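[1] Based on what follows, work out the 3D shape:
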Amino acid sequence: MEKYRVTLTTEERLGLEKLTTTGRTAARRIVHARILLLADTRGDQQSDEAIVDSLGCSLRTVSRVRRLFVTEGLEIALARKAQPARPDKIKIRGDVEQRLITLACSDPPEGRCRWTLRLLGDELVALGLVPRISTETVRQALKKTI
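    Numbering: from 1, shown residues only. Alright, predicted model coming up:
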């Protein structure tokens, strides 16, 4: 694994020390700040294994924070990485969504006073629009439109 050398400026070091000792912030951000402080070449530089032992994080986390600091900068190394969008997880789109809304706005089946999420999901499966669907997926699709 390639090792990135962390060299903090005086301002960065003071900012990270302040971050870890005062105020309230996310635990992940504090751990990343401590990793950078311990990995700093100007301070009391420690090996990755020593950092893992002292902070209780993984070796992969230490190497990732080092790499992000050197390649992207301090804020990116401290910040949480945004999760990518998962368009393949969305089961209800376009025509199926329109059909669901039309179905939900129509009269409920015989013997029922209203549509339930389970009934709507079962009807979508019976119509052959989706192979299977959970009530939570139906709920999220309806919540998005209403």
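[2] Let me see the contact set for A79.
    Shown in contact with A79 (C-beta atoms under 8 Å, 6 or more residues apart in numbering): R29. The C-beta positions use only the backbone N, C-alpha and C, and glycine is treated the same way.
[3] Phi and psi next, for the most centrally placed residue in the chain.
    Nearest to the mean C-alpha position of the chain, by C-alpha atoms, centre = their mean, lies Q83 at 4.3 Å. Per-residue torsions, Q83: phi -80, psi 140 (degrees, to the nearest 10).
[4] where in the protein is pLDDT low?
    Across the chain, the ranges flagged by pLDDT under 70 are 1-2, 145-146.
[5] What ranges does the chain have for its helices?
    10-21, 27-39, 48-55, 59-71, 74-78, 94-105, 117-126, 135-145 (DSSP state H).
[6] so what does the shortest one touch, helix or strand wise?
    Using 3 or more C-beta pairs under 8 Å, 6 or more residues apart in numbering; DSSP states H and E as the contact criterion, the neighbours of helix 74-78 among helices and strands are helix 27-39, helix 59-71.
[7] Deepest-packed of those, please.
    Neighbour counts (mean count of other C-beta atoms under 10 Å) averaged over each of the helices and strands packed on helix 74-78 peak at helix 27-39, with a mean of 20.
[8] And the contacts of that one?
    Contacts made with helix 27-39 from outside it, assessed by C-beta under 8 Å, 6+ apart, are listed as 6, 8, 13, 16-17, 19-20, 43-46, 48, 50-51, 54-55, 57, 61-62, 65-66, 69, 74, 77-80.
[9] same question, stretch 62-69
    Outside stretch 62-69, the residues that touch it by C-beta under 8 Å, 6+ apart are 1-6, 32, 35-36, 39, 48, 51-52, 76-77.
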